[in-house]
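Engineer: What follows is a predicted structure for the sequence shown.
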Amino acid sequence: MSTFKRVFKEKHTFLAVVHAEDGVQALRNARIAQQEGADGIFLINHAISYVNLLEYYEKVREQLPDLWIGLNCLDIGRSAVSVIPNNTAGLWIDNAGIKEGKDSTTEAEEFAVLRSNSDWQGIYFGGVAFKYQGEVNDVAKVARLAAPFVDVITTSGAGTGKAADVAKIQRMKEAIGDQPLAIASGITPENVHEYMPYADCFLVATGISDSHTELNPERVLALAKALGR
């Protein structure tokens, strides 16, 4: 059994994505996610540096010791594995380094070495056929190529807040079998049922938020209920 399946017992996992801007805001939104039924959170940086993100992570971790907390350090990508705290539960990287054609897994192999040389032992969510990284012709192929390198294969729609094509998700899941598949864009309480037969995990921000940085408690609860919480 994978580490992901040992940690998350439900059939579907719901991880709220908090776009961190300061420690108070990050903690406030982390509390909303925890109280309204999310299984955990990812803290992600946009307008701040990874240094600030790690600072806010420590503040949230101290206040909510039982909450599953992952990180996505957008400004340093795969290098984050060398700087995140060892107790970080998950690391999400938008680009897992899987390509079509020649040298398709070279970058993923390099990251595997970097990961093995670090002291971090959490769950790796790696972006495959992910938004803003160019069109992928054979999503099943890249999913299979990613499987040895990524704990949770993570994909998306065409852009932030854009729902993924259900057929794409189905093809990727069929290609990887029991390995966890996550969707990281466009999920809402209203459409999540379309993806539940295929996806194991949902990383959600826009569909449960009032703004870029503030979760909506009612929307968080609605998505949790849609997933049977």
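Structural biologist: It's in. Numbering: from 1, shown residues only.
Engineer: can you pull the contacts of Thr106?
Structural biologist: Gly97 (CB atoms under 8 Å, 6 or more residues apart in numbering). Any C-beta I mention is one placed from the backbone N, CA and C, and that applies to glycine too.
Engineer: next one: phi and psi at it?
Structural biologist: With angles defined as degrees, to the nearest 10, Thr106 sits at phi -60, psi -50.
Engineer: Give me the residue ranges of this protein where confidence is low.
Structural biologist: Scanning the chain for pLDDT under 70 picks out no residues.
Engineer: And the strands in it, which stretches?
Structural biologist: Using DSSP state E, the strands found in the chain span residues 13-20, 40-45, 69-72, 90-93, 123-127, 152-155, 181-183, 201-204.
Engineer: Return the second one as CSV; C-alpha atoms alone will do.
Structural biologist: Output in CSV follows, covering the C-alpha atoms of strand 40-45 (Å, rounded to 0.1, in the frame of the first residue of the first chain):
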residue,chain,number,x,y,z
GLY,A,40,-5.6,18.7,4.7
ILE,A,41,-4.2,21.8,2.9
PHE,A,42,-1.5,22.9,0.6
LEU,A,43,0.1,26.2,1.2
ILE,A,44,1.3,27.9,-2.0
ASN,A,45,3.1,31.1,-2.8
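Engineer: Tell me the buried residues in that strand?
Structural biologist: Neighbour counts over strand 40-45 (16 or more other CB atoms under 10 Å) mark 40-45 as buried.
Engineer: ok so, going back, out of the strands of the chain, nearest to Ser211?
Structural biologist: strand 13-20 (9.1 Å; CB to CB).
Engineer: That closest one: how far from the chain's middle?
Structural biologist: The chain centre lies 8 Å from the centre of strand 13-20; the measure is CA atoms, centre = their mean, to the nearest Å.
Engineer: So the residue lying farthest from the centre of the chain versus Asn137, what's the distance?
Structural biologist: In the chain, Lys102 marks the outermost C-alpha relative to the chain mean, sitting 27.1 Å out by CA atoms, centre = their mean. Distance from Lys102 to Asn137, counting by CB to CB, to the nearest Å: 14 Å.
Engineer: if we can go back for a sec, so can I have JSON lines of the strands of the chain showing distance to Glu109?
Structural biologist: Formatted as JSON lines, the strands of the chain follow (distance: least, CB to CB, whole Å):
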{"stretch": "strand 13-20", "distance to Glu109": "27"}
{"stretch": "strand 40-45", "distance to Glu109": "25"}
{"stretch": "strand 69-72", "distance to Glu109": "22"}
{"stretch": "strand 90-93", "distance to Glu109": "15"}
{"stretch": "strand 123-127", "distance to Glu109": "13"}
{"stretch": "strand 152-155", "distance to Glu109": "16"}
{"stretch": "strand 181-183", "distance to Glu109": "21"}
{"stretch": "strand 201-204", "distance to Glu109": "24"}
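Engineer: do you know which of those strands lies nearest Gln170?
Structural biologist: It is, among the strands of the chain and with distance given as CB to CB, strand 181-183, at 10.0 Å.
Engineer: And the closest one, what does it pack against?
Structural biologist: Judged by 3 or more CB pairs under 8 Å, 6 or more residues apart in numbering; DSSP states H and E, strand 181-183 is in contact with strand 152-155, helix 166-176, strand 201-204.
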